[in-house]
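1. Predicted model and sequence follow; I will ask about them next.
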Amino acid sequence: MRNKLTALLSIIVLASLLLSACGGSGGGKFKIGLVTDVGRVNDRSFNQSAWEGVQAAAKELGLDAETDIKYIETKDAKDYEDNIRQFAEEGYDIIVTVGFALGDATIKMAGEYPKINFIGVDQFQGETMTNLTGLVFNEDHSGYLAGVLAAQMSKSGIIAGVFGTDQVPPVVAFKEGYEAGAKSVNPAIKIISTYHPGEISQAFTDPEWGAATTAQALDQGADVVFAAGGMTGNGGLEEAATHDGVYCIGVDTDQWDTVPGAQPCLISSAMKLITPGVVELVKMAKDGKFPGGNYFGGAGLAPFHDFESVIPQTVKDELKKVDAGLKDGSISTGYGQ
């Protein structure tokens, strides 16, 4: 009898350990780590959207926000691998790396840690690895919609774009989509587009340059500014908000919520739905359905908020038609062609 009881207890203990290891109910062991590119997690744009996705996924899965999810802010690009490895060595189940620049380091770490699932935000995967999924977006689509909106709302016939580095394909996609969308409305429109001239490590963390570049474009007659460059772009939005008769368009997330200083001019944002994309992939990983390869998240314009009554109904109708055309392929942005 005693032997049978001992055996039964051993089975119960083993089952409990297995449940814990698999992140089962009550285990509390399923952990998610996030590594940013150079920049802060609260950048009110790209990094923040990804971290909010981790937080939302944790809430849906019943994880402990204090112990089961953490982030590391990269200070120097040479630390990419070390930061990712820190989570891997601590046994995290999912590691989210944010930004195109972390792509190579993420691929390397995914190869070294095949039992961990990796989500690479803005990292297109040329070759499929079963434990690595690139969360990617059609930025040219939301950029195109932003261009249509900008051209429709411009009175001067001059619009501007303030962008992060051209070394990052999604930024290029935003820019080219924006310009193509604007020209589809007004082929003669003047577009003042400027990339940050510095290294990739500086391009998204320079709000002073974003503000100065925006001011220069406004001095040249631009009356709508699209700012796509993390904290650099945020500086451009906030600068535009100090000028009367100017509209601005944010990027990545609905920046009405994240950059309140831009609200006086912010008519919309060219969004890529990073937060729900991260949530979807985390849940798929937890359910054993992680796709590997590439996973396309949604893209589109944010609400108009206080400018709802300012945007003419004809413009709203046109944006809906264009959005439908982009989705069904009847409208091409020209990006990548």
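-> Yep, it's here.
2. For residue 261, the count of nearby residues, please.
-> Residue 261 sits with 16 neighbouring residues when counted by other Cβ atoms under 10 Å. Bear in mind the C-beta positions are built from the backbone N, C-alpha and C, glycine included.
3. no, scratch that, I was asking about residue 72
-> The tally of other residues near residue 72 (other Cβ under 10 Å) stands at 18.
4. Likewise for the one 4 residues further on?
-> Per other Cβ under 10 Å, the neighbour tally for residue 76 reads 10.
5. how close does it sit to residue 31?
-> 25 Å (Cβ to Cβ, to the nearest Å).
6. before we move on, what about residue 331?
-> Distance from residue 331 to residue 31, by Cβ to Cβ: 43 Å.
7. who touches the helix or strand encompassing residue 83?
-> Taking DSSP states H and E as the definition, residue 83 sits inside helix 80-89. Helix 80-89 is contacted by residues 31, 33, 35, 70, 72, 74, 95, 97, 101-102, 105-106, 108-109, 112-113, 116 when judged by Cβ atoms under 8 Å, 6 or more residues apart in numbering.
8. among those, which ones are buried?
-> The neighbour count (16 or more other Cβ atoms under 10 Å) marks 31, 33, 35, 70, 72, 74, 95, 97, 101-102, 105-106, 109, 113, 116 as buried among those.
9. quick one: low-confidence ranges for this structure?
-> Applying pLDDT under 70 to the chain flags residues 1-28.
10. can we see that at 50?
-> For the chain, the stretches flagged by pLDDT under 50 are 1-27.
11. mind giving me the domain ranges of this protein?
-> 29-137+275-296, 139-271+304-328 (automatic domain parsing).
12. Could you single out the most deeply buried of those?
-> Ranked by mean neighbour count, the domains of the chain are led by domain 139-271+304-328 with a mean of 21 (mean count of other Cβ atoms under 10 Å).
13. about what we covered before: quick one: closest of the domains of the chain to residue 337.
-> With distances scored as Cβ to Cβ, the stretch of the domains of the chain nearest to residue 337 is domain 139-271+304-328 (9.9 Å).
14. for that closest one, the distance to its chain's centre please.
-> Its chain's C-alpha centre and that of domain 139-271+304-328 lie 16 Å apart, by Cα atoms, centre = their mean, to the nearest Å.
15. for the stretch 201-337 of the chain, what spans make up the strands?
-> Along the stretch 201-337 of the chain, counting by DSSP state E, counting those that start in this stretch, strands occupy 224-228, 247-252, 266-272, 293-296, 299-301.
16. Before I go, just wanted to say thanks for your time.
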